[in-house]
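Engineer: Build me a model:
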Amino acid sequence: MRSLLGLCPLFLALLFGAAPALAGKRVALVLANSSYQYAPSLANPVNDGAVMAKTLKDAGFEIVESRHDLSALETRRVLRDFADVTRDADIAVIYYAGHGIEVEGSNYLIPVDAKLERDTDVYDQGLSLDRVLVTVEPARRLRLVILDACRDNPFGKTMKRTVVSRGIGRGLAQVEPNSPNTLIAYSAKAGFTAQDGDGANSPFTVALSKHLTTPGLDVRRAFGFVRDDVLKSTGNKQEPFVYGSLGGEDVPLVPVKVVTAAPVANPQAADIRRDYELALQVGNRPAWEAFLAQHPDGFYANLAKLQVEKIGAEQAHAAATEKAKQAEAERDRLAALGAQKDAQAKAAADANAAEQAQLAAQKAKEQVQQQAAAAEQQRVNLAAVAPGAAPASTASPAGSSVASLTPTTTPVDLSRLVQTELGRVGCFSGQADGNWNTISRRSLSQFNRYAGTKLDVKVASTDALDTVKSKPSRVCPLVCEHGFKADGDKCTKIVCREGYAINDDNACEKQRIAKPATAKPATAKRDDGDERSARQRRQAGGAAGGYGAAAGIAAAASAGRASGGGQIFCNGGSCRPVNRGCHLEYRGGGGPGNDANAEVCN
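Structural biologist: Predicted structure coming up:
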């Protein structure tokens, strides 16, 4: 079989020209306005423009045009000339730093000679954002406009409004690009203003220069990292925002350059490639270390080192995540115990530091994963165009020089590898036993659904293995049962503090403590202490009722029980208790001047 390096000069041309070919022609225009003639000057825009121009030049952009403090006429000429440059470009970027204002929902960039005495002057003296978008529209793959212009309107206090109802908002208005593959990045969300920062550059530009040109990093993820940095540096007061959308493929501003030096000719290159592919199927650190021990230098060694770096970043992220969980648990424990404030403050600081370390590790992991995925895709593309290259599924022959690797891949081994990879991306929760059963087929079908692929689910194939392995992180969503929550890549039980319980929405809810039942008042009963006969009670009641003395009877009854007799004597005047040692005798009659009862004492 022909050596892989024996494909010169085609192979070498692809090897060293692959990165620029994938990126295409990249052009950029940097505009910065600081010295305004009729408004207060701005300190940072010219500095910001210089930083961005250098960043884009260092990233390998073929053309980077940088201008500052332009008038309206000069700005229009520069935009017109740059439009000619973008006609054959794949990626076109315009960066603007300076004043920008919103009028009636439209955005305008303000040249340094703008006076804006009236609100309508902006139509003549400003540059509309639509005019800027027209300039980059010819670019084929990505049209990117970056605006560090979300400041207060400098003419707001003096500008006359020709129509009272005409709206002039703070910052810039929200915009939705009409052209495909177009992104518009604001330094602050629509309707909010941005900060210039305390240094020579704005927080937004500092973050852009750090993340935007990371090799292999998708531009959308780059702006995500920019957002995180700006929020952190401004105390969550400024949130950059990106409007527009791209397709499913990654679009990095800077491609990954896998090889930086010419590989040494090796007659056993085909064997080295097969060893590399075998190590890629196993995919763990021992496999890559064994490969590098046998093949420490060359093209595939560089790829293997990148894979080792990816594994290390993933392990570092897992360790940082675990440490953050422990610090958070310790903080919550001390808070629940009511520990001293110093101890709680220290625990809170430790938890915050652990969380920041976790975020940093996550960013590092994602960047390395992006680079490894881009490098692997580049290798596959190179192998596809090299006619003498063996396919990626070719197994190493017996007696392979890669230590501790299985020389051949059986269907069971392939099924196990696919199951393992499906489990890594969250689509398979069973045991990777190599049995390609219904559960395995359902898992691959779920992967197709969320990854947008159309892999054959009936069998485990090398195509499926390569496709799943190319995904750097979780693809299928994590679904947890009631009482459990998603914690990274696993479900953990929800533990509520004392007095709280899990409700139907899987949230801790304070329990209602049942109040002790209040004893009901006993049913009123006839007074057993009254030992009079029923006839006497009726007579006493009747006599009292006859003279309308019900209140007197009740009072006398209470007093009578207190004195111990229990009987009550009533006449036309009032009622009173029978004296101790006396009793009532019925004498008949009744009426005015004639008592029905008589008090008889022994």
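
Engineer: Show the low-confidence segments of the chain, by residue range.
Structural biologist: 1-23, 156-157, 161-170, 257-269, 381-412, 488-489, 513-566, 572-573, 587-596, 602 (pLDDT under 70).

Engineer: other SSEs contacting the longest helix seen in it?
Structural biologist: In the chain, taking DSSP state H as the definition, the longest helix is helix 341-385. Applying 3 or more Cβ pairs under 8 Å, 6 or more residues apart in numbering; DSSP states H and E, we find helix 341-385 packed against helix 10-23, helix 219-233, helix 299-337. C-beta coordinates here come from the backbone N, C-alpha and C atoms, glycine included.

Engineer: Mind checking those helices for the one nearest to residue 177?
Structural biologist: Residue 177 lies closest to helix 219-233 among those, at 14.1 Å (Cβ to Cβ).

Engineer: Buried residues in the closest one, which are they?
Structural biologist: In terms of neighbour count (16 or more other Cβ atoms under 10 Å), helix 219-233 has its buried residues at 219, 221-231, 233.

Engineer: what about stretch 59-79, start to end distance?
Structural biologist: Taking Cα to Cα, to the nearest Å as the measure, stretch 59-79 stretches 22 Å from start to finish.

Engineer: which other residues reach it?
Structural biologist: 20, 23, 25-35, 45-46, 49-50, 53, 56-57, 81-82, 85, 93, 109, 111-114, 125-127, 131-132, 135, 213, 253-254 (Cβ atoms under 8 Å, 6 or more residues apart in numbering).

Engineer: Please identify the buried residues of stretch 360-376?
Structural biologist: Quick answer for stretch 360-376 (16+ other Cβ under 10 Å): 361-376.

Engineer: one step back: would you mind identifying the next helix or strand past the longest helix of the chain?
Structural biologist: helix 411-424 (DSSP states H and E).

Engineer: buried residues in the next helix or strand after that following helix?
Structural biologist: Using DSSP H and E, the next helix or strand after helix 411-424 towards the C-terminus is helix 438-451. Within helix 438-451, the residues that count as buried by 16+ other Cβ under 10 Å are 440, 443-444, 446-448, 451.

Engineer: Between those, which sits nearest residue 154?
Structural biologist: Nearest to residue 154 among the buried residues of helix 438-451, with distances taken as Cβ to Cβ, is residue 451, at 48.9 Å.

Engineer: one step back: with respect to residue 464, which of the buried residues of helix 219-233 is nearest?
Structural biologist: residue 221 (25.5 Å).

Engineer: In this structure the closest one contacts residue 370, no?
Structural biologist: Yes. Contact criterion Cβ atoms under 8 Å: residue 221 and residue 370 qualify, at 7.2 Å.

Engineer: Show me where the stretch 101-250 of the chain has its strands.
Structural biologist: 106-109, 127-128, 142-148, 182-186, 241-245 (DSSP state E, counting those that start in this stretch).

Engineer: closest one to residue 503 among those?
Structural biologist: Closest approach to residue 503 among the strands of the stretch 101-250 of the chain is made by strand 241-245 (34.8 Å; Cβ to Cβ).

Engineer: Can you list the helices and strands that the closest one packs against?
Structural biologist: strand 182-186, helix 219-233.

Engineer: The longest one versus helix 341-385: what angle between them?
Structural biologist: Interaxial angle of helix 219-233 relative to helix 341-385 (axes from the mean of the first three to the mean of the last three Cα atoms, to 10 degrees): 160 degrees.

Engineer: Repeat that for the shortest one.
Structural biologist: Between the axis of strand 182-186 and that of helix 341-385 there is an angle of 160 degrees, by the same axes, to 10 degrees.

Engineer: Run through who's touching strand 182-186.
Structural biologist: So strand 182-186 is contacted by 129, 133, 136, 142-147, 150, 171-172, 175, 177, 219-220, 223, 226, 240-246 (Cβ under 8 Å, 6+ apart).

Engineer: So in that sheet, which strands flank that strand, and in what orientation?
Structural biologist: strand 142-148 (parallel), strand 241-245 (antiparallel) (DSSP bridges).

Engineer: any idea which of those strands is most buried?
Structural biologist: strand 142-148 (a mean of 25; mean count of other Cβ atoms under 10 Å).

Engineer: CA atoms of that one as PDB?
Structural biologist: Extracted in PDB, the C-alpha atoms of strand 142-148 (Å, rounded to 0.1, in the frame of the first residue of the first chain):
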ATOM      1  CA  LEU A 142     -20.600  35.100   7.500                       C
ATOM      2  CA  ARG A 143     -21.600  38.700   7.700                       C
ATOM      3  CA  LEU A 144     -20.600  40.100  11.100                       C
ATOM      4  CA  VAL A 145     -21.200  43.700  12.400                       C
ATOM      5  CA  ILE A 146     -20.000  44.500  15.900                       C
ATOM      6  CA  LEU A 147     -21.200  47.800  17.500                       C
ATOM      7  CA  ASP A 148     -19.500  49.100  20.600                       C
END
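
Engineer: Can you get me the centre-to-centre distance for that strand and its chain?
Structural biologist: 24 Å (Cα atoms, centre = their mean, to the nearest Å).

Engineer: what do you get for stretch 452-471?
Structural biologist: Centroid separation between stretch 452-471 and its chain, computed with Cα atoms, centre = their mean, is 28 Å.
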